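K.L.:
mind folding the following:
(one chain, ligands or ions: 1)
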Amino acid sequence: MAPPLIKICGLSTPEAIDAAVAAGATHVGLVHFKPSPRHVSIGRAADLRERVPAHVKTVLLTVNMEPAQTSDIVQVVRPDVLQLHGQETPEWVQLMREHSDLEIWKAIGVKDQASLEQAQRYRPFAHRLLYDAPAGALPGGNGLALDWRLLAQFRHEAEWGLAGGLDAGNVAEAIRQTRAPLVDASSGVESARGVKDTDKIAAFCEAARAAMAALPG
Ligand SMILES: O=C(O)c1ccccc1N[C@@H]1O[C@H](COP(=O)(O)O)[C@@H](O)[C@H]1O
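P.N.:
Residues are numbered from 1 along each chain as shown. A predicted model of the protein is given here:
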């Protein structure tokens, strides 16, 4: 079975990066979106990225950013993965794919079966579909879970991951129900909005690894 993939997102301090790396996260996420309490400037994102060891992938999250501007930021931050977390169209994702070597993830707000099916339009262009709850006050990072039963019933033909309201207390059940190959947490590993908690990060990673290891077959 493939090794479990665990992303801790919305990291904005060196201490939080170190905590995620020490806990065994495979991916760390930096949010560049001004309305977010986890927003980091381009300069700060570049500094934080420098701190990430080579065996951990850096994910840069943007929302509805123009392709040209995105390319400029990518050149400075040099992430491994670009996570598009807005209403970017399949054509937009295709453009990014054609003009960069980056791994591209498209976040999808899953409301019902139809939204899951619609999301498959991104399959030829995105390397991974990241299923999240539908947008709330922010496009993501609201600590809201989607209906996991939708993913459990779905026949996945793309690489994918599960985000939305995950924490150390519910990630095992989320993995048991959905068999998600990648789990992603932000709000659920915070002590206050935008403030990451070292113990919660460690507990989340531990619970996710144990649940993935316990999956049958
Ligand atoms: O974290 C944010 O502030 C954010 C802002 C805009 C788009 C996405 C954002 N976060 C991402 O949303 C998912 C789910 O987060 P949560 O665990 O429910 O808080 C995750 O990928 C976050 O990084």
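
K.L.:
going on from the helix or strand hosting Val76, what's the next piece of helix or strand?
P.N.:
Val76 is part of helix 67-77, with elements assigned from DSSP states H and E. The element immediately downstream of helix 67-77 (helix or strand, assigned by DSSP H and E) is strand 81-84.

K.L.:
now do that next one: distance to the chain's middle.
P.N.:
Its chain's average C-alpha position is 8 Å from that of strand 81-84, according to C-alpha atoms, centre = their mean, to the nearest Å.

K.L.:
do the same with stretch 112-132
P.N.:
On C-alpha atoms, centre = their mean, the centre of stretch 112-132 falls 14 Å from that of its chain.

K.L.:
hmm, back to that, what sits up against the helix holding Val76?
P.N.:
30, 32, 42-43, 45-46, 49, 58, 60, 62, 65, 82, 92, 95-96, 99-100, 102 (C-beta atoms under 8 Å, 6 or more residues apart in numbering). All C-beta atoms are positioned from the backbone trio N, CA, C, and that covers glycine.

K.L.:
show me which residues of that helix are buried.
P.N.:
By neighbour count on 16 or more other C-beta atoms under 10 Å, the buried set for helix 67-77 is Thr70, Ser71, Ile73, Val74, Val77.

K.L.:
ok, which pair from these is furthest apart?
P.N.:
The two members of the buried residues of helix 67-77 with the most space between them (C-beta to C-beta) are Ser71 and Val77, at 11.2 Å.

K.L.:
re earlier: in ChimeraX, how would I select the buried members of the contacts of helix 67-77?
P.N.:
The following ChimeraX line selects those of these that are buried, judged by 16+ other C-beta under 10 Å:
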select :30,32,45,46,49,58,60,62,65,82,92,95,96,102
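
K.L.:
return the subset of the contacts of helix 67-77 lying in helices.
P.N.:
Counting by DSSP state H, the part of the contacts of helix 67-77 found in helices is Ile42, Gly43, Ala45, Ala46, Arg49, Trp92, Leu95, Met96.
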